[in-house]
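[1] would you be able to build a 3D model of this:
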Amino acid sequence: MAADTRPAAASGLPPHLVEGYEVFLGGRFREEHERFRALAIKGQRPTTMVIGCCDSRVAPEAIFDAGPGELFVLRNVAALVPPYEPDDHFHGASAALEYAIMALEVQHVVVLGHGKCGGVKAFAQISVDPGTPRLSHSDFIGDWIKMLAPAVERLGGAPDPEDENYLQKLEFETIKQTLIHLRSFPMVQILERRGYLHLHGAYFGVTDGRLLALDEESGEFRPVAEKAHAAALLEARF
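    From the prediction side, this is the model:
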């Protein structure tokens, strides 16, 4: 999509957002008006939290065809969650996790990583060259993606930010690292042990739309809905 260089609409919003909202009003909102009304009155009660990346190509609601009120979504760089650190600092990811588990009582937490992840590649670059510009000396991103250090160590060898196979392995390990951090929270430990909460790892291929799920017993990522995926790729394109 080309950059929208038109001046802001009278509302102050970019024109393409206003146009998108108008489409929403004439389509999905009209079709699901009663659902929105019920959610406003009764409140939300999603059963699943998805922790995903900020990447604009990986929208959990689109991937899982979720309607309003079905998913509680947290998105940040590389779908990371920091370990349990109850201190006086600001913890947006931890606060969202706590709200989902303790207030909404979600039953599932899905960590959704993806292919072509810019945050993962940035850390691989920084690992090779600490002087990498833009991110390594930034106020926030450089420190945030340092959480990937254990994932790099588990893979062994020097990171190669130009090797697609290595980057995919690191993307997989990033998902596992977030699961490790999630299990450092006492509330997660207790509820998972009692069977009230279930953690999952998933990976979305931006290039081919393939979804993989983590089998934690083997440590392998396995295809989801293979037949449906194959059929989708065979459909005619115009």
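
[2] so what's the spatially most central residue of the chain bridging to?
    Note on the chain: the residue nearest the mean C-alpha position is residue 52, at 0.7 Å, using Cα atoms, centre = their mean. Counting by DSSP bridges, residue 52 is bridged to residue 75.

[3] residues contacting it?
    Shown in contact with residue 52 (Cβ atoms under 8 Å, 6 or more residues apart in numbering): 58, 60, 73, 74, 75, 79, 112, 114. To be clear about C-beta, it is placed using only N, CA and C from the backbone, and glycine gets the same treatment.

[4] list the buried ones in stretch 172-192?
    For stretch 172-192, burial by neighbour count (16 or more other Cβ atoms under 10 Å) applies to 172-179, 181-182, 185, 188, 191-192.

[5] let me see the ranges of the helices in the chain.
    Taking DSSP state H to define them, one finds helices in the chain at 15-26, 28-31, 33-42, 60-63, 92-98, 118-128, 141-144, 149-155, 164-182, 186-193, 226-234.

[6] can you redo those helices as CSV with mean pLDDT and distance to residue 218?
    Below are those laid out as CSV (pLDDT from 0 to 100; distance: least, Cβ to Cβ, whole Å):
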stretch, mean pLDDT, distance to residue 218
helix 15-26, 92, 42
helix 28-31, 89, 39
helix 33-42, 91, 39
helix 60-63, 96, 24
helix 92-98, 97, 26
helix 118-128, 90, 22
helix 141-144, 85, 30
helix 149-155, 94, 15
helix 164-182, 97, 12
helix 186-193, 98, 19
helix 226-234, 91, 17
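
[7] and residue 226, how many neighbours?
    Each residue near residue 226 was counted by other Cβ atoms under 10 Å, and the total is 11.

[8] how about residue 218, phi and psi?
    Here is the backbone geometry of residue 218 (degrees, to the nearest 10): phi -100, psi -20.

[9] what's the neighbour count on it?
    Counted with other Cβ under 10 Å, residue 218 comes out at 8.

[10] going forward, count from 38.
    I'll keep to 38 as the first residue from here, and by that count the last item is residue 255.

[11] now it: how far from residue 215?
    19 Å (Cβ to Cβ, to the nearest Å).

[12] next one: residue 127
    According to Cβ to Cβ, residue 127 and residue 215 sit 19 Å apart.

[13] now residue 164
    The spacing between residue 164 and residue 215, counted by Cβ to Cβ, is 18 Å.
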